[in-house]
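Participant: Everything below, folded, please.
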Amino acid sequence: MRRVVFMGTPDFAVPTLASLHENKYQLVGVVTQPDRPKGRGQKLAASPVKEFALAHGLPVYQPERVKEPGFVSQLRALAPDVIVVVAYGQILSAEILTLPPYGCINVHASLLPKYRGAAPIHWAVINGETVTGVTTMHMDRGMDTGDMILKAEVLITCTDTTGSLHDKLAPAGARLLLQTLQQAAAGTAPREKQDGTQATYAPLLKREHERLDWGRTAQVLDCQIRGLNPWPGAFTTHRDRRLKVWRAVPLAEGTGGLPGTVRRVDREGIVVATAGGSLRLVELQPQNSKRMTATDYARGQHIEAGEQMGV
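Facilitator: The predicted structure is shown next:
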């Protein structure tokens with residue numbers, strides 16, 4: 001098994017593509033999403049996978065729709081032994097799934113069947129999980145429902161953000177994919193059906209997932225803030241303006257009082273009452289402004305105890 005078509009788009013997919021390249025797999029095609037407008041200037045930008053492929057002389061394909069008959073014919077002509085898929089961003093047709101002899105193998109950033117869906121890293125942190133991982137699986141027509149091959153666990157610390165956890169999971173996925181291909185080629189790869197009754201889901205994030213509800217506990221709010229860092233960011237409101245919260249520390253202190261009330265401002269930040277404990281805001285970003293420490297924000301806004309957040 002040497003001829004590989006790789007399908008992927010974001011940063012998470014790059015370590016796996018790099019590992020295939022370094023281990024001398026014959027990458028006969030790298031398929032990624034079309035260039036998209038990005039940034040304030042809305043200039044077309046290549047995906048991280050495309051940038052890596054071009055830098056290493058690998059052939060790149062960017063179909064608008066991967067199911068298009070013309071592109072499926074191109075795939076067939078490439079004659080891959082296996083198609084490796086890592087966060088590609090499009091659903092593959094039954095025709096593509098059955099095209100290579102070894103099928104389509106996906107690297108998913110969770111311990112399936114938990115956290116099927118588009119945002120498994122975000123939701124693992126938001127939900128306060130202490131362990132997650134990566135799973136390789138044989139793709140089928142469902143959303144992350146295929147038979148599992150191998151798994152690798154990764155610990156989540158109490159300070160991990162989605163960004164830091166992403167940086168642990170991406171290389172873990174690359175290592176696991178190599179093991180998977182080696183075992184598949186040797187005919188020793190396990191194949192385990194998923195227990196659908198144990199499945200949980202990680203849907204795309206929406207605006208309502210970003211708003212902090214001070215009627216929740218400090219621990220829950222801390223997980224939400226870390227789970228939305230570095231994108232899209234958790235927010236509250238202060239004086240009728242949106243205020244993003246990038247870093248906070250849950251405190252056991254404080255009972256009673258209206259959730260969202262500023263208990264005090266100290267040298268380390270702004271301490272806010274919650275439904276359980278207090279939350280010290282450490283790094284903030286006011287609307288239409290840059291990130292800053294919470295102490296700088298409090299000093300500039302002359303914040304005092306008794307003010308309300310989230311009104």
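
Participant: Tell me the buried residues in stretch 278-297?
Facilitator: Neighbour-count burial for stretch 278-297 flags 278-286, 293-295, 297 (criterion: 16 or more other Cβ atoms under 10 Å). For every residue, glycine as well, the C-beta is placed using N, CA and C.

Participant: And the strands in the stretch 201-311 of the chain?
Facilitator: Using DSSP state E, counting those that start in this stretch, the strands of the stretch 201-311 of the chain run over residues 234-238, 241-251, 262-266, 269-273, 278-286, 292-293.

Participant: right, so the ones you listed: which one is the most enclosed?
Facilitator: Stretch with highest mean neighbour count among these: strand 269-273 (a mean of 25; mean count of other Cβ atoms under 10 Å).

Participant: That one: how far from the chain's middle?
Facilitator: When distances are taken as Cα atoms, centre = their mean, to the nearest Å, strand 269-273 is centred 29 Å away from the chain's centroid.

Participant: Can you list the strands that that strand pairs with?
Facilitator: strand 262-266 (antiparallel), strand 278-286 (antiparallel) (DSSP bridges).

Participant: Give me the average confidence score over the longest one.
Facilitator: Spelled out, that is strand 278-286. Averaging pLDDT along strand 278-286 gives 98.

Participant: Now find how far off-centre that strand is within its chain.
Facilitator: Here strand 278-286 is found 23 Å from its chain centre; the criterion is Cα atoms, centre = their mean.

Participant: Number of residues surrounding Gln308?
Facilitator: For Gln308, the neighbour count with other Cβ atoms under 10 Å is 16.

Participant: Nearest spatial neighbour of it, chain-adjacent residues omitted?
Facilitator: Leaving aside its chain neighbours, Gln308 sits nearest to Gly260 (5.4 Å; criterion: Cβ to Cβ, 6 or more residues apart in numbering).

Participant: Need phi/psi at the one you found.
Facilitator: Per-residue torsions, Gly260: phi 100, psi -10 (degrees, to the nearest 10).

Participant: try Gly173
Facilitator: Dihedral angles (degrees, to the nearest 10) for Gly173: phi -70, psi -40.

Participant: Next up, the contacts around it.
Facilitator: By Cβ atoms under 8 Å, 6 or more residues apart in numbering, the residues touching Gly173 are 12, 15-16, 86, 107, 109, 134, 152.

Participant: quick one: pLDDT of it?
Facilitator: For Gly173, the pLDDT comes out at 98.

Participant: repeat for Gly256
Facilitator: 72.

Participant: count of neighbours near it?
Facilitator: A count of nearby residues for Gly256, using other Cβ under 10 Å, gives 5.

Participant: Filter the contacts of Gly173 down to the buried ones, PyMOL style.
Facilitator: Selection of buried members from the contacts of Gly173 for PyMOL, criterion 16+ other Cβ under 10 Å:
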select buried, resi 12+15+16+86+107+109+134
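
Participant: Looking at the contacts of Gly173, which are in helices?
Facilitator: If you go by DSSP state H, those have 15-16 in helices.

Participant: from the contacts of Gly173, which is closest to Asn127?
Facilitator: Ala109 (14.2 Å; Cβ to Cβ).

Participant: Leu169 is in contact with the closest one, correct?
Facilitator: Yes - at 5.0 Å, Ala109 and Leu169 qualify as touching, with contact defined as Cβ atoms under 8 Å.
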